[in-house]
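Asker: would you be able to build a 3D model of this:
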Amino acid sequence: MQVPPQNAIFGGYSMGYEYFQKLVLDLSPGLAACLQHGPQPFIVYVLEYDSWRRALPKEDYEKAPLLKVFHGPNRKNENEADANSKFFFWTRWVPIADDSSKKDYPDMAQETDIDKSRRDELIALIKRRNDFSVDKTRLQFESVKHIHPFHDPLTGCIVYDPAQESPRDVEERRILAITVAADRAGIWKRKKDSINRMCAKQSRHLTRAGGL
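Answerer: Numbering: from 1, shown residues only. The predicted structure follows:
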């Protein structure tokens with residue numbers, strides 16, 4: 001398989017950290033138990049969204065976009081998000097030459113009917129499964145230049161050669177990539193026990209609620 005270029009332009013919707021936390025807490029109520037022990041690193045919320053997405057049935061899975069996280073230049077703590085952090089749900093993307101910029105792809109900065117449709121699918125999915133009404137005004141369309149999905153440690157394993165890997169192989173490598181990324185940030189080792197307890201509590205909560 002030919003190695004793709006290093007960068008890509010993504011179009012999609014971003015929301016701020018405060019609203020992203022609110023959204024994830026609704027998708028995964030069991031996470032609230034962790035907050036009793038103090039604020040949690042932003043990666044915990046990212047992992048929770050990813051877990052919720054991967055647990056969706058096949059017919060809903062593709063309606064929940066993958067997530068990218070962007071931080072402002074003056075972030076004081078790499079384990080924490082701040083007011084300048086963006087949680088980005090990408091709806092489309094295009095690979096670009098390494099010497100290209102966003103200005104070379106003006107169409108990617110224009111919100112299309114496809115983008116709106118995918119946004120609305122996500123909003124409807126969350127409403128149907130979790131009875132949470134997402135505020136559209138919290139979702140701002142934009143385009144960003146970022147690492148090509150193949151090279152991104154958090155999403156690289158979603159780009160695969162169908163002749164060599166099954167979707168299940170890809171998903172397993174995605175889980176591993178997220179775990180490795182969290183470990184590199186120094187979060188996983190400090191939070192492993194609390195996250196395991198959180199997962200156990202969530203499982204019991206879902207079982208009692210008839211979700212499993």
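Asker: contact partners for residue 7?
Answerer: 95-96, 98, 100, 145-148 (CB atoms under 8 Å, 6 or more residues apart in numbering). Backbone N, C-alpha and C define where each C-beta goes, glycine included.
Asker: buried subset of the residues you listed?
Answerer: 96, 100, 145-148 (16 or more other CB atoms under 10 Å).
Asker: tell me the one of the residues you listed nearest residue 132?
Answerer: residue 146 (27.7 Å; CB to CB).
Asker: not counting its neighbours along the chain, what's nearest residue 72?
Answerer: residue 84 (2.7 Å; CB to CB, 6 or more residues apart in numbering).
Asker: what helix or strand is the one you found located in?
Answerer: Under the criterion of DSSP states H and E, residue 84 resides outside all helices and strands.
Asker: and it, how far from residue 15?
Answerer: 13 Å (CB to CB, to the nearest Å).
Asker: looking at the two, which one has more neighbours?
Answerer: Remark: of residue 84 and residue 15, residue 15 carries more neighbours, 20 against 13, as counted by other CB atoms under 10 Å.
Asker: so what's that one bridging to?
Answerer: residue 87 (DSSP bridges).
Asker: which residues sit in contact with it?
Answerer: So residue 15 contacts 23, 86-87, 89, 138-140 (CB under 8 Å, 6+ apart).
Asker: give me the subset of these lying in helices.
Answerer: residue 23 (DSSP state H).
Asker: nearest to residue 113, of the contacts of residue 15?
Answerer: Closest to residue 113, out of all of these and judged by CB to CB, is residue 139, at 15.6 Å.
Asker: now residue 19: closest residue in space that isn't a chain neighbour?
Answerer: residue 138 (4.7 Å).
Asker: residues contacting that neighbour?
Answerer: 15-16, 19.
Asker: cool, residue 101 as well?
Answerer: residue 145.
Asker: repeat that for 10 Å
Answerer: 7, 9, 145 (CB atoms under 10 Å, 6 or more residues apart in numbering).
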